[in-house]
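Asker: how would this look folded up:
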Amino acid sequence: MNYTDVLTQDEINYLKQKGYSEQELQNATNTAMQKSNNQKIDPRTIASNTMYSGASQDNIAKIQLLFHDLLEKMEHFLRGDQIKFVNNQKIWTTPENPDDRRFNEKGVNEIMRILVMYLNPNTILSNYDEKRINYILYSVGCELNDLIYLKYDAWGWNTQEKRDEYGMVVQQILDVLESAYLRALHGLERKSLRETTQISYNDTQQNQPGININAGQQLKERSFLNPKRWLSGKNY
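Answerer: Just a heads-up that it's a prediction; the model follows:
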């Protein structure tokens with residue numbers, strides 16, 4: 001499978017801007033697909049569809065850079081959804097009674113619109129120091145706190161029981177944002193991704209049977225269409 005089948009064009013452009021070549025993206029995809037084919041998928045890991053559901057095929061770049069799964073869980077959290085298992089499949093169910101929902105649709109959409117601006121590759125691949133991270137989280141926390149307070153009625157917080165959750169909801173959102181920004185502390189996530197990609201590439205080359213990765217010049221001199229060119233240590 002080509003990496004273009006599992007990454008959107010925007011994701012590809014972004015990764016290339018960060019210095020990743022097409023070969024590195026393809027190597028990561030090949031490794032992930034190989035591992036996926038050797039593993040059984042637990043249907044309980046498949047969540048119901050939301051606006052932030054991820055693709056069915058993963059690769060190393062997606063695992064580290066994309067936030068589909070996290071954003072999906074955040075959306076369910078804001079809705080007040082509950083997990084149920086039906087025929088061994090994980091299903092998120094929304095309470096039928098509006099009073100049992102944490103936010104209404106308008107509130108969920110507005111908060112998610114804010115979160116996607118912070119939970120993205122641009123955040124974790126940045127290079128922040130501790131002072132800057134603390135400032136960002138403090139500013140976001142203050143603004144989010146005020147916003148929810150001012151939007152009580154419009155976002156469906158029409159009961160005292162919901163308003164009692166106010167402080168915990170803001171705290172949980174900030175904890176998620178903090179975890180994302182700490183990945184960018186001193187550019188550690190960027191360094192980690194490059195190391196992971198390189199290790200994946202080396203493992204892929206070493207695990208392919210019949211390929212001598214040290215015989216580069218010898219292989220170049222053989223015909224590309226001759227399948228025996230992939231056999232190491234022999235001259236054809």
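Asker: got any ranges where the protein has weak pLDDT?
Answerer: Scanning the chain for pLDDT under 70 picks out 3, 6, 10, 14, 18, 31-66, 196-236.
Asker: At which residues are the helices of it located?
Answerer: 9-17, 22-37, 60-65, 68-79, 105-115, 121-124, 130-150, 160-163, 166-182, 188-207, 216-220 (DSSP state H).
Asker: From E195, how far out is Q26?
Answerer: Per CB to CB, to the nearest Å, Q26 is found 18 Å from E195. C-betas here are computed from N, CA, C, even on glycine.
Asker: These two: who's more crowded?
Answerer: Q26 (17 against 10; other CB atoms under 10 Å).
Asker: hang on, that one packs against M1?
Answerer: No: assessed by CB atoms under 8 Å, Q26 is found out of contact with M1, at 9.4 Å.
Asker: Take the helices of the chain and lay them out in a markdown table including distance to I91.
Answerer: Shown next, in a markdown table, are these (distance: least, CB to CB, whole Å):
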| stretch | distance to I91 |
| --- | --- |
| helix 9-17 | 28 |
| helix 22-37 | 23 |
| helix 60-65 | 23 |
| helix 68-79 | 11 |
| helix 105-115 | 18 |
| helix 121-124 | 29 |
| helix 130-150 | 28 |
| helix 160-163 | 24 |
| helix 166-182 | 23 |
| helix 188-207 | 33 |
| helix 216-220 | 51 |
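Asker: Which neighbours do Q26 and M1 have in common?
Answerer: Common contacts of Q26 and M1 (CB atoms under 8 Å, 6 or more residues apart in numbering): none found.
Asker: wait, E75 sits on M112?
Answerer: Yes: with contact defined as CB under 8 Å, E75 counts as touching M112 (5.8 Å).
Asker: coming back round to it: among the helices of the chain, which is nearest D99?
Answerer: Comparing these by their distance to D99 (CB to CB), the top pick is helix 160-163, with 7.8 Å.
Asker: Can I get the closest one as PDB, trimmed to CA atoms?
Answerer: Below are the C-alpha coordinates for helix 160-163, written out as PDB (Å, rounded to 0.1, in the frame of the first residue of the first chain):
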ATOM      1  CA  GLN A 160     -27.400  22.700  38.500                       C
ATOM      2  CA  GLU A 161     -26.000  19.100  38.200                       C
ATOM      3  CA  LYS A 162     -24.300  20.100  35.000                       C
ATOM      4  CA  ARG A 163     -22.900  23.300  36.400                       C
END
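Asker: buried stuff in it?
Answerer: For helix 160-163, the neighbour count (16 or more other CB atoms under 10 Å) marks K162 as buried.
Asker: From the rest of the structure, what touches it?
Answerer: With CB under 8 Å, 6+ apart, helix 160-163 has contacts from 99, 102, 152, 156-157.
Asker: From the residues you listed, list the buried ones, please.
Answerer: In the contacts of helix 160-163, the ones that pass as buried (16+ other CB under 10 Å) are 102, 156-157.
Asker: Great, nothing more from me.
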